[in-house]
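Asker: Starting from these lines, generate the structure:
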Amino acid sequence: MLLSFSPSLWASDLINRCLKYYPQVIREAHYQIGLDAPAHYFIGQIEQESRCDQSVTAFDGGMGLGQFMPGTAEWIQQKEAALRDISMAPNPYDPAWSIRALILYDNWLYKQADCPGWYFAFRSYNGGVGLLNREIKKAGCCEWAAVEKCCSRKILHLKKRDLDMCKDVNVPYPHLIFTKSKKYLKF
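Answerer: Numbers count the residues shown, from 1 in each chain. Prediction:
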């Protein structure tokens, strides 16, 4: 017998899977950033990155809830002593490590981007703060649309299609997080 699932059932399963991590995301966001930290953005980002599946590994090597690349996981582990309270080595498949690392990394990127705001932190998370700051400089302003027009990234040639890392990945990324995060405001 073939089972079929309605999109609303599938969406509620995803939300429920994400809600399992939301209390921890809220605690970490408030502790690491402050009481005004936008925890709903971080759970929206986790949904976007991994669909709230702690065991997932992406085609590019991203691991766990925050889809940390091995080099980034190692770097943030060395940089942030708070991660060593959880594990002495990077552990992206551990939800506690991944959530704390994602929030710490987002907060660091927030401070490194040449323009203020979570939009720029999320663009940096997805595509690198150095590239983003070059795009901001080229745009000459902090207007999202102007910076997006200056995005210049590589094209990945995949088996089924080409993937424009600007148009298809980096530019939509913060907008997807903002959209996904709205539903978590009610919890």
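
Asker: Next, count neighbours for the closest residue to Gly140 other than its chain neighbours.
Answerer: Closest residue in space to Gly140, ignoring its immediate chain neighbours: Ala146 at 7.5 Å, by CB to CB, 6 or more residues apart in numbering. All C-beta atoms are positioned from the backbone trio N, CA, C, and that covers glycine. As a burial measure, Ala146 scores 14 neighbours (other CB atoms under 10 Å).

Asker: Repeat that for Arg27.
Answerer: Neighbours of Arg27 (other CB under 10 Å): 14.

Asker: before we move on, what SS does it have?
Answerer: Classification of Arg27 by DSSP: H, G, I helix; E, B strand; the rest coil places it in helix.

Asker: Same question for Leu65, what's its three-state structure.
Answerer: coil.

Asker: Could you shift the numbering so residue one becomes 77, and keep it that way?
Answerer: Got it, first residue is 77 now, which makes that one Leu141.

Asker: Skip the chain neighbours and tell me the closest residue to it.
Answerer: Ser174 (4.1 Å).

Asker: secondary structure element for the residue nearest to Gly216?
Answerer: In this structure, Ala222 sits in helix 220-225 according to DSSP states H and E.

Asker: List the buried residues for that helix?
Answerer: Under the neighbour-count criterion of 16 or more other CB atoms under 10 Å, helix 220-225 has Trp220, Val223, Glu224 buried.

Asker: Just checking the distance from it to the centre of its chain.
Answerer: 20 Å (CA atoms, centre = their mean, to the nearest Å).

Asker: next helix or strand past that helix?
Answerer: Per DSSP H and E, the helix or strand that comes after helix 220-225 is strand 231-233.

Asker: What pairs with that next one, parallel or antiparallel?
Answerer: strand 238-240 (antiparallel) (DSSP bridges).

Asker: so the residue nearest to Leu141 sits right up against Gly140, yeah?
Answerer: Yes - if you go by CB atoms under 8 Å, Ser174 and Gly140 touch, sitting 4.3 Å apart.

Asker: which residue ranges form the helices in this protein?
Answerer: For the chain, the helices defined by DSSP state H occupy 83-95, 98-108, 115-126, 146-155, 157-160, 171-188, 194-203, 205-215, 220-225, 248-258.

Asker: out of these, which comes closest to Asp240?
Answerer: helix 248-258 (10.6 Å; CB to CB).

Asker: mean confidence score for the closest one?
Answerer: Per-residue pLDDT values over helix 248-258 give a mean of 98.

Asker: Against which helices or strands is it packed?
Answerer: helix 115-126, helix 194-203 (3 or more CB pairs under 8 Å, 6 or more residues apart in numbering; DSSP states H and E).
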